[in-house]
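In: sequence first, predicted model second:
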Amino acid sequence: MKQISGGVTAAKGFLAASAAAGIKYKDRQDMALIYSQAPCKAAGTFTTNLVKAAPVKWDQKIVEQSPFAQAIVVNAGIANACTGAEGFSYCSQTAKAAADCLHIPEDSVLVASTGVIGMQLPMDRIKKGIETMTPLLSESQEGGTKAAQAIMTTDTVKKEVAVEFEAGGKTVTIGGMCKGSGMIHPNMCTMLSFVTTDLSISKELLTEALKEDVKDTYNMISVDGDTSTNDTVLLLANGMAGNPEITEKNQDYYEFCRALNVINETLAKKIAGDGEGCTALFEVKIVGAQTKEQAVTLAKSVITSNLTKAAIFGHDANWGRILCAMGYSGAQFDPEQVDLYFESKAGRLQIIENGVALPYSEQKATEILSQPEVTAIADIKMGDASAAAWGCDLTFDYVKINADYRS
């Protein structure tokens, strides 16, 4: 397996385009279209928020009931959430407009939206955007990159990645793009992620692979503790790599799972590292846990602690906040057995041993915590299980961004 340049157009048969439809933003592209030249097996995971946006409900229906999927239409600026029956009808209208332009079935079109909650979509602009994008569809890397840029809201950078691996004697490619910066919390986030592959695989195994991997990737990130209404991860497989269809959990299946994990973990970390107003990606690793569940609970508790996030922003090795967050997580462990380390490109430093502070250098700790990627490692010495979670620091700019988001 090797990482290659590109994103959603890296896999064979996938094309993408973007357009400036003027949905909310007046000075940038705000719509994207992904299209497969062949029908795809489709898998998806969605927000756990009880308040689900109209496109989430539409996509759940398509993924579960339609024989195949072949296109995804995405808009930025308006979330189409809390918009009632009218908002849901707009999903159908969007799908029909794309189906007419692409000459594919309406129930093979997935839709996604991100942006302000409560506003209705301007359907004249949505339809015009689809008409504009259709002739611009391209299998080029540039086409995929422009699509990744078009779905950004408060994101500061585009997010895409691609890898190649071998399956059944064929070279298989998997690529993806995502957006997400705020309203990010475990159990899916304000996060849209679209992953494409030319692998031939059964729908059942495609779905299982995605749902299992999401647990260790997108569900392990948090920016602000808010679980969005629009979280969607879609995975499309068109089979154009020509490998024998994977219908059982063999070596090819597990190689695909490893590649999918690279894609999803990379995208998840890009989201966490681009949290609204943040200056650092903050990773928390729990090692020496008795069970995976225990490690996950502890890691998530630390990554969502506002006091810990503020300390990371201040480059302050305030380790008591980490131990405190572990203590209220609900997971059982012995605080007097915990070892804690801080790590970054500037080095690695043990801060506490068996729950007690060591005579470490505050200057060195600040140097380590001043890097753009910082890791806290807690060894609880109870077993061999581990888990990692990703978040970011909490800055003044986070409040500024969200205080005037609608304006």
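Out: Great, that's in hand.

In: shouldn't residue 391 be within a strand?
Out: Yes. Under DSSP: H, G, I helix; E, B strand; the rest coil, residue 391 sits within a strand.

In: hang on, it packs against residue 222?
Out: Yes. Here residue 391 reaches residue 222: they are 4.8 Å apart, a contact under CB atoms under 8 Å. C-betas here are computed from N, CA, C, even on glycine.

In: who has more neighbours, the two?
Out: Higher neighbour count among residue 391 and residue 222: residue 391, with 33 against 27, using other CB atoms under 10 Å.

In: for the residue nearest to that one when sequence neighbours are not counted, list the residues it contacts.
Out: Once flanking residues are discounted, residue 391 sits nearest to residue 303: 4.0 Å by CB to CB, 6 or more residues apart in numbering. When contacts are counted by CB atoms under 8 Å, 6 or more residues apart in numbering, residue 303 touches 220, 221, 222, 282, 284, 389, 390, 391.

In: how about a cut-off of 6 Å?
Out: Shown in contact with residue 303 (CB atoms under 6 Å, 6 or more residues apart in numbering): 222, 284, 389, 391.

In: and the longest strand for this protein?
Out: Using DSSP state E to define each element, the chain has its longest strand at strand 31-46.

In: quick check: what element follows it along the chain?
Out: As assigned by DSSP states H and E, the chain's next helix or strand after strand 31-46 is helix 54-65.

In: can you give me the helices in the stretch 101-250 of the chain?
Out: Assigned by DSSP state H, counting those that start in this stretch, the stretch 101-250 of the chain shows helices spanning 123-133, 141-150, 203-216.

In: and the first one, what does it pack onto?
Out: Contacting helix 123-133 under the criterion 3 or more CB pairs under 6 Å, 6 or more residues apart in numbering; DSSP states H and E are the following elements: strand 14-19, helix 84-102.

In: closest to residue 167 out of these?
Out: Nearest to residue 167, of all those, is strand 14-19, at 17.1 Å by CB to CB.

In: what's the angle from that closest one to helix 141-150?
Out: Here strand 14-19 points in a direction 50 degrees away from that of helix 141-150 (axes from the mean of the first three to the mean of the last three CA atoms, to 10 degrees).

In: just want the angle from strand 14-19 to helix 123-133.
Out: With the same axes, to 10 degrees applied, the angle from strand 14-19 to helix 123-133 works out at 130 degrees.

In: re earlier: which one of the helices and strands packed on helix 123-133 is the most hemmed in?
Out: Sort these by mean neighbour count, taking mean count of other CB atoms under 10 Å, and strand 14-19 sits at the top with a mean of 26.

In: what packs against that strand?
Out: Checking 3+ CB pairs under 6 Å, 6+ apart, strand 14-19 ends up next to strand 31-46, helix 123-133, helix 141-150.

In: and the second one, what's buried?
Out: In other words, helix 123-133. For helix 123-133, a neighbour-count test (16 or more other CB atoms under 10 Å) marks 125, 126, 127, 128, 129, 130, 132, 133 as buried.

In: which one of those residues is nearest residue 228?
Out: Relative to residue 228, the closest of the buried residues of helix 123-133 is residue 126; by CB to CB it sits at 20.6 Å.

In: what does the pLDDT read for the closest one?
Out: In this model, residue 126 is scored at 98, pLDDT.

In: helix or strand right after the longest helix along the chain?
Out: Taking DSSP state H as the criterion, the chain has its longest helix at helix 251-273. Of the helices and strands lying after helix 251-273 in sequence (DSSP H and E), the nearest is strand 281-289.

In: parallel or antiparallel, list what pairs with that following strand.
Out: strand 373-379 (parallel), strand 385-392 (antiparallel) (DSSP bridges).

In: closest to residue 29 out of the ones you listed?
Out: Across the strands paired with strand 281-289, closest to residue 29 is strand 385-392 (CB to CB), at 25.8 Å.

In: and the closest residue in space to residue 96 that isn't next to it in sequence, what does it touch?
Out: Of all residues not flanking residue 96 in the chain, residue 106 sits nearest, at 5.0 Å (CB to CB, 6+ apart). When contacts are counted by CB under 6 Å, 6+ apart, residue 106 touches 95, 96, 99.

In: how much space between the second one and residue 58?
Out: What it means is residue 96. Distance, residue 96 to residue 58, using CB to CB, to the nearest Å: 12 Å.

In: repeat that for the last one.
Out: Here the distance between residue 99 and residue 58 works out to 13 Å (CB to CB).

In: residue 254 now?
Out: Residue 254 is 32 Å from residue 58, by CB to CB.

In: excluding chain neighbours, what is closest to residue 253?
Out: Closest to residue 253 by CB to CB, 6+ apart is residue 246, at 5.1 Å.

In: which residues does that neighbour contact?
Out: 201, 205, 252, 253.

In: residue 345 too?
Out: By CB under 6 Å, 6+ apart, residue 345 lies in contact with residue 371.

In: if we use 8 Å, what do you get?
Out: With CB under 8 Å, 6+ apart, residue 345 has these contacts: 371, 373.

In: repeat for residue 344
Out: Contacts of residue 344 (CB under 8 Å, 6+ apart): 368, 369, 371, 373, 374, 375.

In: how about the third one: what's its closest non-neighbour residue?
Out: It stands for residue 371. residue 344 (3.8 Å).
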